[in-house]
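1. pasting the sequence and the predicted model now:
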Amino acid sequence: MVLHNLIFAGKRSKDYGLFISGGGTYNAPERDVTTISIPGRNGDMVLDNGRWSNISVSYPAFIVHNFRKNAEAVRAWIAGAIGYQRLEDDYHPDFYRLARYSGNIDWDMAALNIAGQTTLTFDCKPQRFLKLGERPIEISQATTITNQWQTSLPLITIWGSGAASFTINSNTIQISNIPTNMVLDCDVQSAYSLSGLDNLNGLITLPPSGDFLSFAMGDNHISFTGNIAKIEIVPRWWTL
């Protein structure tokens with residue numbers, strides 16, 4: 001019998017004697033829409049809010065030995081984690097989610113209280129991130145990167161000096177001065193130093209849309225200008 005485990009907040013369930021089933025991990029999130037009913041008109045109007053809602057992911061879980069000790073450790077580990085944490089499991093080895101634990105932990109006990117089972121339910125962001133999308137792509141000249149997944153918000157690190165620009169497709173960020181290095185975090189929509197200590201938003205001008213850059217589905221053409229020594233892009237590929 002193969003015993004499966006999950007990793008949450010950097011810790012493995014098997015280290016606590018906890019094992020899981022992954023039957024509830026294959027569901028997809030719901031599109032966030034607003035429906036409007038108009039008197040005298042058949043059917044509802046549907047307004048797409050341009051986002052996906054969080055999804056609840058549940059794991060039937062069980063402990064089969066040292067129940068009391070392991071159950072207390074599991075409670076401290078999972079229920080004690082604050083905010084969104086990285087969540088992985090054996091059923092989807094190429095992906096991870098960002099999740100927070102929701103609800104309590106109620107155990108159904110076996111005879112003599114030597115084993116127990118429960119359902120662990122996580123409130124997850126809708127994305128299933130590919131571990132492949134964490135690998136930096138280094139570029140030194142204009143190039144094309146193909147996105148086979150959903151529109152993603154990359155992490156771009158630029159080493160150089162002076163004025164520069166960085167373009168994906170028809171969208172360009174202008175940089176008035178690179179102070180040795182600069183990170184363009186297109187998810188949190190912020191520019192900062194590689195150390196994370198310096199806010200560099202005042203050194204950039206965004207495209208007319210006011211948004212940071214993104215990788216659309218399909219081919220994305222990348223170019224740049226200025227005295228740039230190296231660029232690394234973490235694409236942050238994801239799917240549903």
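-> Received it, and whenever you're ready, just let me know what you need. None of the values given here were measured: they were computed from a predicted structure. Numbers count the residues shown, from 1 in each chain.
2. for residue 18, give me the pLDDT.
-> pLDDT recorded at residue 18 is 92.
3. worst mean pLDDT across the helices and strands of this protein, which element?
-> In the chain, the helix or strand scored least confidently by mean pLDDT, DSSP states H and E is strand 108-109, which has a mean of 80.
4. residue farthest from the centroid of this structure?
-> For the chain, the largest distance from the centre (C-alpha atoms, centre = their mean) belongs to residue 40, which lies 43.2 Å off.
5. list the residues that contact that residue.
-> Neighbouring residues of residue 40 by C-beta atoms under 8 Å, 6 or more residues apart in numbering: there are none. For every residue, glycine as well, the C-beta is placed using N, CA and C.
6. distance of it relative to residue 47?
-> 19 Å (C-beta to C-beta, to the nearest Å).
7. same thing with residue 34?
-> 4 Å.
8. same check, this time on residue 6
-> On the measure of C-beta to C-beta, residue 6 and residue 47 end up 36 Å apart.
9. thinking again about what came up before, parallel or antiparallel, list what pairs with the least confident helix or strand of the chain.
-> If you go by DSSP bridges, strand 108-109 pairs up with strand 116-124 (antiparallel).
10. give me the buried positions along the strand it pairs with.
-> 116, 118, 120-122, 124 (16 or more other C-beta atoms under 10 Å).
11. check stretch 78-86 too.
-> Neighbour-count burial for stretch 78-86 [16+ other C-beta under 10 Å]: 78, 81, 85.
12. show residues contacting it.
-> Here stretch 78-86 has contacts from 7-10, 96-101, 104-105, 120, 125, using C-beta under 8 Å, 6+ apart.
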